[in-house]
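> can't give you the sequence, but here's the structure:
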């Protein structure tokens, strides 16, 4: 009878939260108000409903109301943990007061509840930029999840038939969230987090979130959403990530987070048409919450940016900029407006947005630094250069998987590569960028050998010329592309050689993103800096294929490293770079 009653209560709570997940907050409130019983998980569920309202809204009133509801749930949970149980805290407490097993179970409920309440507080305080209260509650959440996990293990050791799956799933969600989140913290902050007692473990987080998702507990949807991003970003598995979201959406067809996550997943994978469709649906679901609607408009504009649909970029980005108070996407948003006006020949409207780029730049945002440099160049030459205009368009089209259009622009760039009247750049840069983008297209089409050859044409003639130049990212990015190709063709030592070379470069744009790519390929925690370094350093580089080819075909001297030589696939000979010209790097049939 006790077990059946516990299971029934959890099912009732999950049903109410389902309304919440599907954006029907009023029905969720009504669901819980119909039951006059006062027990812990009812308070926690009401707190969660209010929490999501506060997440989707920027209203100070909703924020204050949510904190009040969270405080109430926290007070109830504290009473249970302290042993001061009231009759109505849990329907089983009065009749089973002397049953130690039930008492442990109720305390486990309360500990799990406290962990989630503090987590909710931490997220809300971070959202409102309270960087003292946020970490405080984050630390408290971790402590309660850890304590709950300890108590759970003790109860599992006892002979009982209590339904622990729900609480075990909730605890695994919390532990998985912390283990993964902390694995993403930069190395220079990690010592402090370890000092506070936090633990990071990416592989463990996968197991914990999988367990939480599979058991179908109250936190199953949250675990599935987290797992989706882990699978995509860390495992680089779009299909599995999409399967997780699709599975959640079957039971929750109006879940905003699922819809938005699916939109963003398609956006990252390059399917802009489906991304726009899901962002538009997200905007409909969030019409009561202007904050989310504006975010959807920004990302719709971003999809059109990569499709080079300048009129729609202006339309949606303008709506976002006029409606938002968010400082963090203003800089790049204004840059996109300026560039789109340039492409549509509305030159008189560009100056304002260039000034706004400089006003809103955030130095820790990679895209903002790029926008700042472009704005500075614009002011110097009173316009965007022909080369920059082409490179931005080509990069965007490749990200949107519009390869035919990208190829046409690359051909245009190659056909004018030596026209100094059109390009105020050394022609070699145009050849380099041409090979780089053709290589990326070949990788997307899984033509790895052709891509490798094109990427080698990038690295060898250019690396010594511009090492350390901030505005040239092509060398380290190309080296990582070569490393990833080597991983795909099962040459890990060769891949490590390329990754090691890439890490030697500094002060270039989007360096942080490249480091994440290296870490993903090495399959280590992002904060495990020592492991990254030791993995890159432990191999005997003299044993790689780049050192086995012995002599230069031109001067007959021994070639000792990739940096000193080039492998000509046309005639199977190694050649010192000093013995060749850039034209030698072109394919023989060209």
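Received it, and whenever you're ready, just let me know what you need. Since the structure is predicted, the reported quantities are computational estimates derived from the model, not experimental observations.

> ok, now which ones touch the nearest residue to residue 510 once chain neighbours are set aside?
Nearest non-adjacent residue to residue 510, counting by Cβ to Cβ, 6 or more residues apart in numbering: residue 366, 4.9 Å away. For the C-beta atoms, the positions are set from N, CA and C on the backbone; glycine is no exception. Residue 366 makes contact with 509, 510, 511, 512, 513, according to Cβ atoms under 8 Å, 6 or more residues apart in numbering.

> in helices, which of the residues you listed appear?
511, 512, 513 (DSSP state H).

> what subset of the residues you listed is buried?
For those, a burial check counting by 16 or more other Cβ atoms under 10 Å picks out residue 511.

> let's have the ones in helices among the contacts of residue 366 in JSON lines, adding distance to residue 153.
As requested, those are arranged in JSON lines below (distance: Cβ to Cβ, whole Å):
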{"residue": "511", "distance to residue 153": "43"}
{"residue": "512", "distance to residue 153": "38"}
{"residue": "513", "distance to residue 153": "40"}
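
> among the ones in helices among the contacts of residue 366, which one sits closest to residue 415?
residue 513 (31.1 Å; Cβ to Cβ).

> can you read off the pLDDT for the closest one?
We have a pLDDT of 83 for residue 513.

> what do you get for the one 3 residues further on?
Residue 516 carries a pLDDT value of 79.

> and it, what element?
Secondary-structure assignment from DSSP states H and E places residue 516 in helix 511-522.

> packing partners for that helix?
Judged by 3 or more Cβ pairs under 8 Å, 6 or more residues apart in numbering; DSSP states H and E, the packing partners of helix 511-522 are helix 366-381, helix 474-488, helix 492-503, helix 529-537.

> out of those, flag the one nearest residue 176.
Per Cβ to Cβ, nearest to residue 176 of the helices and strands packed on helix 511-522: helix 529-537, 20.6 Å.

> quick check: mean pLDDT across the closest one?
Mean pLDDT, helix 529-537: 57.

> count of neighbours near residue 48?
Residues within reach of residue 48, counting by other Cβ atoms under 10 Å, total 26.

> wait, isn't it in contact with residue 120?
Yes - Residue 48 is in contact with residue 120 according to Cβ atoms under 8 Å; the separation is 7.2 Å.

> where does residue 119 fall, phi/psi-wise?
Residue 119 adopts backbone torsions of phi -60, psi -40, taken as degrees, to the nearest 10.

> actually residue 507, not the one I wrote
Dihedral angles for residue 507 - degrees, to the nearest 10 - are phi 60, psi 40.

> chain neighbours aside, what residue packs nearest to residue 325?
Per Cβ to Cβ, 6+ apart, closest to residue 325 is residue 58, 7.4 Å.

> roughly how far apart are the residue nearest to residue 510 and residue 395?
Distance from residue 366 to residue 395, counting by Cβ to Cβ, to the nearest Å: 14 Å.

> got it, and residue 359?
Distance from residue 359 to residue 395, by Cβ to Cβ: 25 Å.

> so these two - more neighbours on which side?
A count of neighbours by other Cβ under 10 Å puts residue 395 above the other of residue 359 and residue 395, at 16 against 11.

> check which helix or strand covers the more buried one.
Going by DSSP H and E, residue 395 is part of helix 386-399.

> can you pull the pLDDT of residue 287?
You'll see residue 287 listed with a pLDDT of 89.

> just the strands from the stretch 301-450 of the chain, written as ranges.
Counting by DSSP state E, counting those that start in this stretch, the stretch 301-450 of the chain has no strands at all.

> any low-confidence regions in it?
Applying pLDDT under 70 to the stretch 301-450 of the chain flags the ranges 416-428.

> now the nearest residue to residue 401 once chain neighbours are set aside. Its backbone dihedrals?
Counting by Cβ to Cβ, 6+ apart, residue 270 is the residue found nearest to residue 401 once chain neighbours are left out, at 4.0 Å. Main-chain dihedrals, residue 270, degrees, to the nearest 10: phi 100, psi 0.

> residue 270: neighbour count?
So residue 270, with other Cβ under 10 Å, has 16 neighbours.

> tell me which residues touch it, please.
Here residue 270 is in contact with 399, 400, 401 (criterion: Cβ under 8 Å, 6+ apart).

> what's the spacing between it and residue 222?
Look at residue 270 and residue 222: by Cβ to Cβ, they are 27 Å apart.

> kindly report the same for residue 292.
From residue 292 to residue 222 the distance is 17 Å (Cβ to Cβ).

> can you check residue 496 too?
Residue 496 is 36 Å from residue 222, by Cβ to Cβ.

> what's the answer for residue 500, then?
38 Å.

> neighbour count winner among the two?
residue 222 (22 against 18).

> quick one: low-confidence ranges for this structure?
Ranges of the chain meeting pLDDT under 70: 36-38, 83-99, 184-200, 416-428, 460-472, 523-590.

> quick one: contacts for residue 260?
So residue 260 contacts 278, 279, 282, 292, 296 (Cβ under 8 Å, 6+ apart).

> wait, which of those residues is closest to residue 174?
The nearest one, if we look at these relative to residue 174 and count by Cβ to Cβ, is residue 292, at 24.8 Å.
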